[in-house]
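A.B. asks: Sequence first, predicted coordinates after that:
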Amino acid sequence: MKVHIIACGGAVMHNMAIALYLMGHQVSGSDDEIFDPALSRLKKHGLAPETFGWFPEKISSDTDIIILGMHARKDNPELARATELGLKIYSFPEYVYEHAINKTRIVIGGSHGKTTTTAMIMHVLKTLGKDFDYLVGSQLEGFDTMVRFSDAPVMVIEGDEYLTSALDPVPKFHKYKPQIALITGIAWDHINVFPTYENYVDQFRIFIDSIMPGGSLAYFSGDKDLSALAEKATVKASAYNTPNYHIRSGKVVVSKAERYTLEIFGEHNLQNAEGARLVCAEIGISEHDFYTALSSFKGTAKRLEKVYDANKLVVYRDFAHSPSKLKATVDAVRNQYPDHHMIAAFELHTFSSLNKEFLPHYQQSMDPADTALVYFNPHVFELKKMQILDKEDIKKAFGEKVEVIDNTEKLISKISTSKSNVLGKPCVLLLMSSGNFDNAVLW
């Protein structure tokens, strides 16, 4: 099959290109810019475009399908050419559904925790020697790509609620029609797309309604709005919450019929694990086998990922950007390191976090930290064409405990000073951002 991918440089899109190539398809693609690691990975397989930009001449009548990335605009010249030729055009979630139409589709949705929960399921299946396809939003240890297409009977899919494409502005997870679904929780995000909380919640109702007849839903019972939706589901709905656990010698021990020592920590991760267990039970995996396999799971990139541990300093980085995830992550690190001086730094980077009206949702989310820092780059507001925030407004929104910083040198200095002022006490530094703190070296 001859496939052309419009906007092939994204995290998922370039992995999709590689997955299709490894299946034996003829794959080409275009994008106006591609950065590493995507560019290097595409080059490794001979799939990187020779020149950045859009080239309608790449598309011909013998092209079997077009896969359209979210990055491509409605007026994209390659899209116009494909439309003119009457070619079959898929968004990437539509193509994933077509690929998995005869498989058992497991879809993990939720405002936070879906990447980690998807990764847990994948880790357990791989450890137990199960054959499966997958689509996940982060590069995982032990997996060469973020997308796998094969003849496997099962596909595990991270179900993002962000939009499908410029031609079809509905959430991606509406397209997958799962037999087995899980929702980790609902916390308002993407306010540039979903202007009200009610509108955002409704996307999850639609997702639940899309579960195939006879299917199942696992859901976090600690979320009252999610529980209300689940109660109206026409499929089997199973609730989960935090399992019984304790911490022994710095490790989490989950108490079930047996006890299992885990590498992960934080109540939100233990909740994710319970949801993943319910999903795996739907495909015949026992509780014992699930937790035995999960015991070797160390987490995913930028999801409470330990990146340094030496000289009385432990450093974690996390993708947290929504208020609920920020609070859960700060709480998890505080509980895991009760005797450490805790420094938490959060970068305002998403559209929602840079919006003055949304900021109050972050109130007191960083209070457990001994030193709480909120960083932003004023240039980001210019790039996103948004009005710059006043430092005092940010401080008021988060709480008086935070210090607001708009310069990486000041941020580095503040972290360094906080570490040196605790007179030899061990420190834990938590870095939270969907960006990268402007590539600053912070420890």
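C.D. replies: Perfect, thanks for sending it. Residues are numbered from 1 along each chain as shown.
A.B. asks: Surely S418 and A345 touch.
C.D. replies: No - in this structure, S418 sits apart from A345 without contact. The criterion is CB atoms under 8 Å, and the distance is 9.8 Å. C-beta: built from backbone N, CA, C; applies to glycine.
A.B. asks: Neighbours of N199, how many?
C.D. replies: By other CB atoms under 10 Å, the residues close to N199 number 12.
A.B. asks: would you say it is within a helix?
C.D. replies: Yes - secondary structure assignment (DSSP: H, G, I helix; E, B strand; the rest coil) places N199 inside a helix.
A.B. asks: where's N335 relative to M342, distance?
C.D. replies: Using CB to CB, to the nearest Å, one obtains 10 Å as the distance from N335 to M342.
A.B. asks: no wait, F55
C.D. replies: In this structure, F55 lies at 51 Å from M342, with CB to CB as the measure.
A.B. asks: In the worst-scoring helix or strand of the chain on mean pLDDT, which of the residues would be classed as buried?
C.D. replies: Sorted by mean pLDDT, DSSP states H and E, the helices and strands of the chain end with helix 378-383, the least confident at a mean of 90. Buried residues in helix 378-383, defined by neighbour count with 16 or more other CB atoms under 10 Å: V380.
A.B. asks: Please compute how far that helix lies from its chain's middle.
C.D. replies: The chain centre lies 24 Å from the centre of helix 378-383; the measure is CA atoms, centre = their mean, to the nearest Å.
A.B. asks: For it, C-alpha coordinates in PDB please.
C.D. replies: Extracted as PDB, the C-alpha positions of helix 378-383 are listed here (Å, rounded to 0.1, in the frame of the first residue of the first chain):
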ATOM      1  CA  PRO A 378       7.300  36.300  28.500                       C
ATOM      2  CA  HIS A 379       8.000  35.400  24.800                       C
ATOM      3  CA  VAL A 380       5.600  32.500  25.000                       C
ATOM      4  CA  PHE A 381       2.600  34.900  25.300                       C
ATOM      5  CA  GLU A 382       3.800  36.600  22.100                       C
ATOM      6  CA  LEU A 383       4.100  33.300  20.300                       C
END
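A.B. asks: N335 and M342: which has the busier surroundings?
C.D. replies: It is M342, of N335 and M342, that has more neighbours when counted by other CB under 10 Å, with 23 against 13.
A.B. asks: Assign a three-state SS to that one, would you?
C.D. replies: The three-state label given to M342 by three-state DSSP is strand.
A.B. asks: Kindly state the beta-bridge partners for it.
C.D. replies: V428 (DSSP bridges).
A.B. asks: Next up, phi/psi of K103, please.
C.D. replies: Taking degrees, to the nearest 10, you get phi -110, psi 170 for the backbone angles of K103.
A.B. asks: What is the burial count for it?
C.D. replies: 18.
A.B. asks: Can you give me every residue that contacts the nearest residue to it once chain neighbours are set aside?
C.D. replies: With sequence-adjacent residues excluded and distances taken as CB to CB, 6 or more residues apart in numbering, K103 is closest to M155, at 4.8 Å. By CB atoms under 8 Å, 6 or more residues apart in numbering, the residues touching M155 are 96, 99-100, 103-106, 132-135.
A.B. asks: OK, contacts around the spatially closest residue to A19 that is not a sequence neighbour?
C.D. replies: Of all residues beyond its chain neighbours, the one nearest A19 is V147 (4.2 Å), with distances taken as CB to CB, 6+ apart. In this structure, V147 makes contact with 12, 15-16, 18-19, 134-136, judged by CB under 8 Å, 6+ apart.
A.B. asks: taking those residues one by one, which sit in strands?
C.D. replies: Secondary structure assignment by DSSP state E places 134-135 of those in strands.
A.B. asks: so where does the most centrally placed residue in the chain fall, helix or strand?
C.D. replies: For the chain, the residue lying nearest the average C-alpha position, counting by CA atoms, centre = their mean, turns out to be T115 (4.4 Å). Taking DSSP states H and E as the criterion, the element that holds T115 is helix 114-127.
A.B. asks: what does that helix contact?
C.D. replies: With CB under 8 Å, 6+ apart as the test, helix 114-127 has contacts from 106, 108, 110, 132, 134, 136-138, 140, 142-143, 154, 156-160, 182, 184, 269, 272-273, 275-276, 279-280, 285, 289-290, 293-294, 296-297, 299-300, 303, 319.
A.B. asks: Please apply the same query to stretch 246-253.
C.D. replies: With CB under 8 Å, 6+ apart as the test, stretch 246-253 has contacts from 245, 255, 259-265, 270, 336.
A.B. asks: Could I have the buried ones of these as PyMOL selection syntax?
C.D. replies: The following PyMOL line selects those of the contacts of stretch 246-253 that are buried, judged by 16+ other CB under 10 Å:
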select buried, resi 245+260+262+264+265+270+336
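A.B. asks: returning to that earlier point: give me the phi and psi for the residue nearest to A19.
C.D. replies: When read as degrees, to the nearest 10, the backbone of V147 gives phi -140, psi 140.
A.B. asks: And it, how close does it get to F358?
C.D. replies: V147 is 32 Å from F358, where distance means CB to CB.
A.B. asks: Which elements pack onto whichever strand or helix holds G275?
C.D. replies: Secondary structure here is read from DSSP H and E; on that basis G275 sits in helix 267-282. The elements that helix 267-282 packs onto, with contact taken as 3 or more CB pairs under 8 Å, 6 or more residues apart in numbering; DSSP states H and E, are strand 104-109, helix 114-127, strand 180-183, strand 216-220, strand 236-240, strand 251-255, helix 287-294, helix 323-336.
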